[in-house]
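Peer 1: missing the sequence, but the structure's below:
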């Protein structure tokens, strides 16, 4: 049963990574690279 949960967790993480990548490309296309850099700077520093 543990292998099933581990597989589900791996798929969930992969789906989140794909969604985050898609969102970053959308933001990049609408506002340019500076927007993403500013957003990362705001949330991380």
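Peer 2: Cool, got the structure. Because the structure is predicted, anything quoted here is derived from the model rather than measured.

Peer 1: Can you check which helix is longest in this structure?
Peer 2: helix 2-31 (DSSP state H).

Peer 1: any low-confidence regions in this structure?
Peer 2: 1-2 (pLDDT under 70).

Peer 1: neighbouring contacts of the helix or strand sitting right after the longest helix of the chain along the chain?
Peer 2: Later in the chain than helix 2-31, the nearest helix or strand by DSSP states H and E is helix 33-44. Contacts to helix 33-44, defined as Cβ atoms under 8 Å, 6 or more residues apart in numbering, come from residues 24, 27, 28. Heads up, the C-betas are built off the backbone N, CA and C, glycines and all.

Peer 1: how distant is helix 33-44 from the center of its chain?
Peer 2: Distance, stretch centre to chain centre, for helix 33-44: 14 Å (Cα atoms, centre = their mean, to the nearest Å).

Peer 1: What of stretch 10-25?
Peer 2: That offset, for stretch 10-25, works out to 5 Å (Cα atoms, centre = their mean).

Peer 1: who touches it?
Peer 2: So stretch 10-25 is contacted by residue 36 (Cβ under 8 Å, 6+ apart).

Peer 1: got the buried residues for it?
Peer 2: By neighbour count on 16 or more other Cβ atoms under 10 Å, the buried set for stretch 10-25 is empty.

Peer 1: State the distance from the spatially most central residue of the chain to residue 37.
Peer 2: Residue closest to the mean C-alpha point of the chain, counted by Cα atoms, centre = their mean, is residue 20 at 2.2 Å. Per Cβ to Cβ, to the nearest Å, residue 20 is found 16 Å from residue 37.

Peer 1: so how far is residue 13 from residue 31?
Peer 2: The value you get for residue 31 to residue 13, if Cβ to Cβ is used, is 27 Å.

Peer 1: repeat for residue 27
Peer 2: Counting by Cβ to Cβ - residue 27 and residue 13 are separated by 21 Å.

Peer 1: and the contacts of helix 33-44 as CSV, adding distance to residue 41?
Peer 2: Listed next are the contacts of helix 33-44 as CSV, based on distance: Cβ to Cβ, whole Å:
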residue, distance to residue 41
24, 15
27, 14
28, 15
